[in-house]
Each structure stands twice: as C-alpha cells, then as structure tokens.
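J.: Mind folding the following:
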Amino acid sequence: MAVVNKIRKQIFRQLKRRVGEQRARNLATKITRTGLSFRRTASIRLEKAIHVDGRGVYLQGNLIDVHSRVASIEVVLSDGNIVSLDRAMQRIPGAPIFSAAASNRQGKLPGFIAWVEYPQGADGHANAEASSIRLNIKGGKTIRHELNLSKASQNPLADIRGILQRIPARLNGKRALFDSTYGPAIRSIWSLRDADRPGVDVQRYNEQLHRGQPEVSLIVPIYGRYDFIEYQISMFVNDQDMMNHEIIYVIDDPRLEAEIRQSCETLSRIYQLPFTVLYLSRNMGYAGANNVGVEHSRGDRILLMNSDVMPAKAGWLRELIDLQGSDVNTSITGVRLIYEDETVQHEGMEFFASPFFEGLWTNIHPGKGMPSDLFSGAATAVNCEAVTGACMFLTRSNYQAMGGLEEDYILGDFEDSDLCMKAREMGLTVQLLPGISLYHLERQSQSLLTSDRWKEELTYFNCWQHHERWNKNILSMKATGTHG
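T.: Residues are numbered from 1 along each chain as shown. Below you'll find the predicted structure:
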C-alpha cells in the first residue's frame, strides 16, 4: 500500500488548494481506490500505438499484473474482430515506478512490445484498425483500454526513430525481439514512405567543356556536409582525363540547397571542369540518392563514389578503365582505399557472424588499419566477398538490371554488400583492384549528422534485414569458397 498512500497524499495536496480539505480527502480516497490500486486489479499503460495502414499496429507500454490475474489479452479491431495479443506480446524492461514493492525487485514496470498484423480481407487488404485492448481477468471480468492510435506518417523516419529510441541499452535477446516485433514493425512503417521519385532540378556547370559522350558517370551523394564538393573538384581539375567523364553530385538534403547553389556557381567559375548537380526536393537516403543519380547519368559505366574519397594521383580513373577492360561487363569492382596516414581502410569486405550482433552477418574490412605497403599492389583483380560502395565500378546496364541499391535499408548501411550479393545472383564477379589506391576519410561526409544512440539501433535493424535476406546465400558461399 505504500505506493497508493504516496499517490493519495500527492493528490490530496493538489485538491486541497482547489476544493477544500474535506472534499479533497474524499476525492483522493475515491480516485486511488478505483484507478490506482496495484493490488486489486491489472492495468495496462501504453507509450506507443502506431497504426500502419493495411498492415498492423505496433504497441509498446507496461502491463501491471502483480497477482497474475490476467487470463488473456486481446486487440479489438474496428470491425469487431478479435486478435490475440498473448503470443505477440514480448516482455522488455519497462519504465521506473514509484516503488519496487508495486512490481518487482528492480523497481521497473513490466514493459512489453508487440507487433500485431491485421487479418487480410478477401481483397488481400486489411480494412480494419485496432480500436482497443481487452484484458480478460480470471473469473470472467474484462478491462477494456481504448487505443489512441497515431498513424504512421508519409515521413516514417520519425516513427521509426521513436521506436528505436525506446529500445533499452544492453537488451538481452535483442535478435529474437527483432525477429518477432521490432523488425517486422519497422519494415512495415518504412514501406509507407513515398515511393514516387522526388522532384529533381538538374543544373549543369561548364557544360561546354565536355568532350562528347562521357565514358564514366561518377555518382556522388551529398547530405549534411557539402564542402567536400570543392575538395574533390579541386583535385579532379588537375587530371585532364576527368574531362572525358561525367561528375554528378546528388544533393540529398533540401535544407542546404540555397547554400550549395551559391557555392557551385562560385566553384564553376574558379575551376574549369564540367560537373552536374541534382537538387532533390526531398531526402531519399544513400541508396535512393545514388539511384536517382544513375537514372540521370549518361555514361555506359558508372562509379559510385563517396564525397570523402579523394584520388591519390592523376589518371586513376583511366587506369581503372584500362585494367578492367571488357571485364567491367561481368563484374562489380572496388579499389584499395587508404587513410591519410597510408594505412588500409578498404581491401575488400568479408561477412562475419558477429557475436556482438548475436550471430548476424556484419561487414568487416580485413587488414583495416595496417600499413598499405604490406599488401600487394598487383594490377590484376582479386576476387572477394564484397566491396564497399564508397568506390564501386560497374556498368550502368548491370546496375539497372539488379534494380540499383536496395532502398529498404534506412539512411545508409549494408546497401553495398546487398548489391554485391545481388550481383552474384546475376552471375557477376565481385572483385578488388589492389593496384589502384584512393584516400578515404571514412564517414567524414556524415560528420554533421547526430551521433544519437538510436542510430546504433538503426544499424542493428539494417544488419538484421541484410541477414534475413542473404543468410542462406552467404552460408552457401562460405561453405563452397565461391568468392567470385
């Protein structure tokens, strides 16, 4: 009763100022007896109830059932149908409460999450939505909790962020919770994003300097930080071969459009180099920005390139073209990327079943941080499991045949290794040219983004999704040793 008495006193003090002592005493007693008794009945408190139209509802909150009085829990739909919540409900650490005596020794309410899929109608679409939660108490009593649903918006990242922010740190059994709840819910919410391509304003600078049809189209997405545009252009302009190619910057951050327009006008007068800028009307994420860039490209071959990748010498792209020759038609090719201290950042990637991610396949960079002169600088390509999208060379026709980078990944993780796995399914070779080196400042192009912990959970989701899609293929590749 300690919690009830504490709450009663708090209510009494507030009411006394408004309605007088005796009436306040009566009201405080009545309120705590009917609505706040942890001992006599069960109750449920919801922090989130997100309706995903045509798919389901994501629920998160706390269930208080100290004496195990609840026999079953159900979701009541707007059309009267009932969906059991018993199996869908997953327990997680909940919010702090007034006193440990009211729940458990840790002083936490017993939290839960649930993803409830709506039944599909004859037309293959769910036509109802959740309206309430019903607690069926042993002995026949029922407690009904009306739902105040928030609908997943056309900009679903905010809803996803809200879910990820509430994932407890150091959560045990996280993978199982992603399998049952977090993963399906987030994937369904993300599917509501606007599938239509954004408006694109194409601006070509120094177009008169182009030497006809470009041989290679470089696609460089920009988000958050745009000063690397000048750094790259100032290096490209000293390489005469770059006049034979097409440089496309995709501005995936409408907030910066005015600043970048002004900057690019200035850069076009300082540096006599043709380049194109695509201004997107809304943010598309790493995969979407690259895909839009390829759609607007004119070269038969494309090079996906991060804005923080810089050439180590002039003629690097010509060398890449010559070394690949006709092999570009049957492969995805990466190059060696090094840090400014000449140590290795990328020498190909491998899939690793990480114990920190409960066995999910992650991408690792063998040799990362080691001096680059310890590795072969051979001009011949070597097969590898995957290569990074920071500098990836292939034909535009193969890129489009594979459907480009997969936009189901959120913001930017695992799209490159996903593309490499799609390439394998198409019969293409995944390889590295260690004889070509470029500098990579690694994630400096994202330095203006926040480092909130929810993004760590977002990486986990992308990793989980990649594993769900490619686990069998990766296991087969590992078993047979077919890396190319």
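J.: CA atoms for contacts and neighbours, from now on please.
T.: OK.
J.: And the helices in the protein, which stretches?
T.: Using DSSP state H, the helices of the chain run over 2-19, 21-35, 157-165, 174-177, 183-190, 228-236, 257-270, 285-295, 316-324, 396-401, 415-425, 454-480.
J.: okay, the angle between the longest one and helix 183-190?
T.: To tie it back to what came earlier, the one meant is helix 454-480. Orientation of helix 454-480 against helix 183-190 (axes from the mean of the first three to the mean of the last three CA atoms, to 10 degrees) gives an angle of 110 degrees.
J.: picking that back up, what's the closest of the helices of the chain to Leu374?
T.: helix 316-324 (20.9 Å; CA to CA).
J.: For that closest one, name the packing helices and strands.
T.: strand 429-440 (3 or more CA pairs under 8 Å, 6 or more residues apart in numbering; DSSP states H and E).
J.: How far away from the center of its chain is the strand it packs on?
T.: 27 Å (CA atoms, centre = their mean, to the nearest Å).
J.: So for Lys141, which of the helices of the chain sits nearest?
T.: Between the helices of the chain, helix 21-35 lies closest to Lys141; by CA to CA that is 15.1 Å.
J.: quick one on the thing from earlier: closest one to Val76 among the helices of the chain?
T.: helix 183-190 (18.8 Å).
J.: can you give me the mean pLDDT across the closest one?
T.: Averaging pLDDT along helix 183-190 gives 96.
J.: Let me know the angle separating that helix from helix 157-165.
T.: Going by the same axes, to 10 degrees, helix 183-190 makes 160 degrees with helix 157-165.
J.: what's helix 183-190 packed up against?
T.: Packed next to helix 183-190, using 3+ CA pairs under 8 Å, 6+ apart, are helix 157-165, helix 454-480.
J.: want to throw those helices into CSV with mean neighbour count and mean pLDDT?
T.: Compiled in CSV, the helices and strands packed on helix 183-190 are given as follows (neighbours: other CA atoms under 10 Å; pLDDT from 0 to 100):
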stretch, mean neighbour count, mean pLDDT
helix 157-165, 17, 93
helix 454-480, 16, 95
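J.: Those: which one's closest to Leu428?
T.: That would be helix 454-480 among these, by CA to CA, at 13.9 Å.
J.: okay, the angle between the closest one and helix 415-425?
T.: 30 degrees.
J.: Now do helix 454-480: distance to the chain's middle.
T.: Distance, centroid of helix 454-480 to centroid of chain: 13 Å (CA atoms, centre = their mean).
J.: Quick one, which of the helices of the chain gets closest to Gln208.
T.: When those are ranked by distance to Gln208, counting by CA to CA, first place goes to helix 257-270 at 11.7 Å.
J.: Contact partners for Arg453?
T.: Gln165 (CA atoms under 8 Å, 6 or more residues apart in numbering).
J.: could you redo the last one with a cut-off of 10 Å?
T.: Leu164, Gln165, Ile167, Ala169 (CA atoms under 10 Å, 6 or more residues apart in numbering).
J.: coming back round to it: in CSV: the helices of the chain, plus distance to Gly139.
T.: Shown next, in CSV, are the helices of the chain (distance: least, CA to CA, whole Å):
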stretch, distance to Gly139
helix 2-19, 25
helix 21-35, 19
helix 157-165, 35
helix 174-177, 32
helix 183-190, 34
helix 228-236, 68
helix 257-270, 64
helix 285-295, 53
helix 316-324, 76
helix 396-401, 61
helix 415-425, 53
helix 454-480, 42
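J.: picking that back up, among the helices and strands packed on helix 183-190, which is nearest Ala381?
T.: Evaluated over the helices and strands packed on helix 183-190, closeness to Ala381 peaks at helix 454-480, with 19.3 Å, by CA to CA.
J.: So which other helices or strands are in contact with the closest one?
T.: Applying 3 or more CA pairs under 10 Å, 6 or more residues apart in numbering; DSSP states H and E, we find helix 454-480 packed against helix 157-165, helix 174-177, helix 183-190, strand 350-353, strand 361-364, helix 415-425.
J.: now these in TSV, with distance to Arg225?
T.: Shown next, in TSV, are these (distance: least, CA to CA, whole Å):
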stretch	distance to Arg225
helix 157-165	20
helix 174-177	33
helix 183-190	25
strand 350-353	29
strand 361-364	25
helix 415-425	21
